[in-house]
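**Student:** Give me the fold of what follows.
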Amino acid sequence: MTDDASTASERLRHIDGSPVRAVVVDDEVTLSELISMALRYEGWDVRTAADGQSALRTVREFDPDAVVLDIMLPDIDGMQVLKRMRADGQDVPVLFLTAKDALDDRIAGLTAGGDDYVTKPFSLEEVIARLRGLIRRSSLLMSEASDPILRVGELSLDEQSYEVHRGDRLIELTATEFELLRFLMRNPRRVMSKLQILDRVWSYDFGGRSSIVEIYISYLRKKIDAGAEPMIHTVRGVGYMIKAPHS
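**Tutor:** Reported below is the predicted structural model:
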């Protein structure tokens, strides 16, 4: 059972008690209303947009904690919306929503800065679970769940504050990088295959393609192992593991 499944009834909120905010962007009004209704049932504050320009305005004004973003929009596509959001300094987690089912589209969405991906048709439960997983990584939120600190050698990861330290050095991670590191740290000294990582961090079947894992392992190494003895190791032909130096 994944963390999302085990916390399906968990209500997320800001530390000040205010509701989680989400923007749903889709030109299919019925679909966006359906997702919005499900999120409001979860206690979230939701706004909708039917095209890319409206989405950018809504995100700027509403300052959401998560965005559900369709790739196929009537004016500018979701990829361009995301690029403009990131260029504006908005690092809000983004869940791509699209009818496309091609592997290259999935990889393009993630490498463009998206955090997760759901292909139509989908279940509302899946969308909510994916969004809940993205939201739980935000330092602005708290939940009823416990908040253990994971430690591997001098590396620590706080699941409540979402801060990562190596010794005294604070390490800034994206939401996806954080989830990947958390998965490795929950399995120290265990070799995790690329397929296991894909399933846990992205919940995708990439048909054997593992380039997205290699990309994010590279990102993590640059941040975790920079100027220090390496902790993230490749076991050629098998996968990756994390362990303390000299252990």
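
**Student:** Compute the distance between Glu42 and Ile135, please.
**Tutor:** Using CB to CB, to the nearest Å, Glu42 is found at 10 Å from Ile135. Where you see a C-beta, it was placed from the backbone N, CA and C, and this is true even at glycine.

**Student:** Which one's more surrounded, those two?
**Tutor:** More crowded of Glu42 and Ile135, by other CB atoms under 10 Å: Ile135, with 21 against 17.

**Student:** circling back: give me the common contacts of Glu42 and Ile135.
**Tutor:** 12, 20 (CB atoms under 8 Å, 6 or more residues apart in numbering).

**Student:** helix or strand right after the helix or strand of the chain with the lowest mean pLDDT?
**Tutor:** Within the chain, no helix or strand scores below helix 3-6, which has a mean of 38 by mean pLDDT, DSSP states H and E. Later in the chain than helix 3-6, the nearest helix or strand by DSSP states H and E is strand 13-14.

**Student:** Centre of the chain to that following strand, how far?
**Tutor:** The chain centre lies 17 Å from the centre of strand 13-14; the measure is CA atoms, centre = their mean, to the nearest Å.

**Student:** packing partners for that strand?
**Tutor:** Packed against strand 13-14 by the contact rule (3 or more CB pairs under 8 Å, 6 or more residues apart in numbering; DSSP states H and E) you find strand 141-142.

**Student:** what residues does the helix or strand following the strand it packs on touch?
**Tutor:** Once the chain leaves strand 141-142, the next helix or strand it forms, by DSSP H and E, is strand 149-152. The contact list for strand 149-152 (CB under 8 Å, 6+ apart) reads 156-159, 182, 185-186, 188, 231, 242-244.

**Student:** For strand 149-152, which strands pair with it and how are they oriented?
**Tutor:** strand 155-158 (antiparallel) (DSSP bridges).

**Student:** Pull out the buried positions in the strand it pairs with.
**Tutor:** By 16 or more other CB atoms under 10 Å, the buried positions in strand 155-158 come out as 155-157.

**Student:** pLDDT added to those residues, as a markdown table?
**Tutor:** Below are the buried residues of strand 155-158 laid out as a markdown table (pLDDT from 0 to 100):
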| residue | pLDDT |
| --- | --- |
| Leu155 | 96 |
| Ser156 | 94 |
| Leu157 | 93 |
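
**Student:** and of those residues, the nearest to Ala87?
**Tutor:** Leu157 (28.9 Å; CB to CB).

**Student:** Chain neighbours aside, what residue packs nearest to that closest one?
**Tutor:** Leu150 (4.4 Å; CB to CB, 6 or more residues apart in numbering).

**Student:** okay, and for the protein, where does confidence drop off?
**Tutor:** Counting by pLDDT under 70, the low-confidence segments of the chain come to 1-11, 15-17, 99-114, 137-148, 203-210, 247.

**Student:** Nearest to the spatial middle of this structure, which residue is it?
**Tutor:** Asp115 (3.9 Å; CA atoms, centre = their mean).

**Student:** ok, back up a step: give the burial count for the residue nearest to Leu157, as a bare number.
**Tutor:** Leu150: 16 neighbours (other CB under 10 Å).

**Student:** same deal with Leu31?
**Tutor:** Burial of Leu31 is recorded as 16 neighbouring residues (other CB under 10 Å).

**Student:** again, but for Pro245
**Tutor:** Neighbour tally, Pro245, other CB under 10 Å: 11.
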